[in-house]
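Asker: Build me a model from this:
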Amino acid sequence: MTKSIALCAVAGLALAAAGCATPQQQVSQKEDLLAAAGFQVRPADSPHRVEAMRRLPPDRFVEKVVNGNPIYLYADPLDCNCLYLGNQQNWDAYKQEMFAKQLADEAQMTAILNQDAWDWGPWGYP
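Answerer: Presented below is the predicted three-dimensional model:
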């Protein structure tokens with residue numbers, strides 16, 4: 001087995017581990033980014049709010065236009081039973097947070113793949 005094949009195997013294992021987050025964990029991570037971007041959290045704490053939230057797709061962004069300005073909604077009926085509400089500035093900040101997270105994830109993957117101290121012994125290599 002060549003070194004590049006071994007590195008691909010390590011990359012596959014790392015990607016598999018990263019992809020093992022439960023849907024609830026993925027939503028929770030997204031909500032952390034929404035909060036960091038300045039989205040407001042509005043609890044569904046009345047029958048009217050619960051009904052309004054149910055009309056939105058769960059765990060998906062919806063863009064509405066109010067007074068000519070885009071408003072971004074993200075309904076979470078399971079984790080927090082709430083609605084995240086943001087304007088264009090919040091949306092832009094969220095997208096920047098997502099991009100930064102992707103860069104950090106890629107940097108971590110690169111670090112794992114370039115790790116010289118990897119112990120191949122238990123895997124039967126060299």
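Asker: Sketch out the low-pLDDT regions of the chain for me.
Answerer: Where the chain drops to pLDDT under 70, the residues are 1-21, 23-27, 115-118, 120, 126.
Asker: rerun at 80
Answerer: Low-confidence segments of the chain (pLDDT under 80): 1-28, 110-121, 123-126.
Asker: tell me the SS of the residue most central in space within the chain?
Answerer: For the chain, the residue nearest the mean C-alpha position is Lys30 (4.1 Å; CA atoms, centre = their mean). The assignment at Lys30 comes out as helix when based on DSSP: H, G, I helix; E, B strand; the rest coil.
Asker: And it, how far from Asn114?
Answerer: 29 Å (CB to CB, to the nearest Å). For the C-beta atoms, the positions are set from N, CA and C on the backbone; glycine is no exception.
Asker: do Tyr125 as well
Answerer: Taking CB to CB, one finds Tyr125 at 17 Å from Asn114.
Asker: out of the two, which sits in the more crowded spot?
Answerer: Neighbours per residue, other CB atoms under 10 Å: of Tyr125 and Asn114, the larger number sits with Tyr125, 13 against 9.
Asker: any idea how far that one is from Asp119?
Answerer: 10 Å.
Asker: buried set for the longest helix seen in the chain?
Answerer: For the chain, the helix reaching the highest residue count under DSSP state H is reported as helix 88-113. The neighbour-count check on helix 88-113 (16 or more other CB atoms under 10 Å) flags Asn90, Trp91, Ala93, Tyr94, Glu97, Ile112 as buried.
Asker: Give the other helices and strands that it contacts.
Answerer: For helix 88-113, the elements it packs on are helix 3-18, helix 23-36, strand 69-76, judged by 3 or more CB pairs under 8 Å, 6 or more residues apart in numbering; DSSP states H and E.
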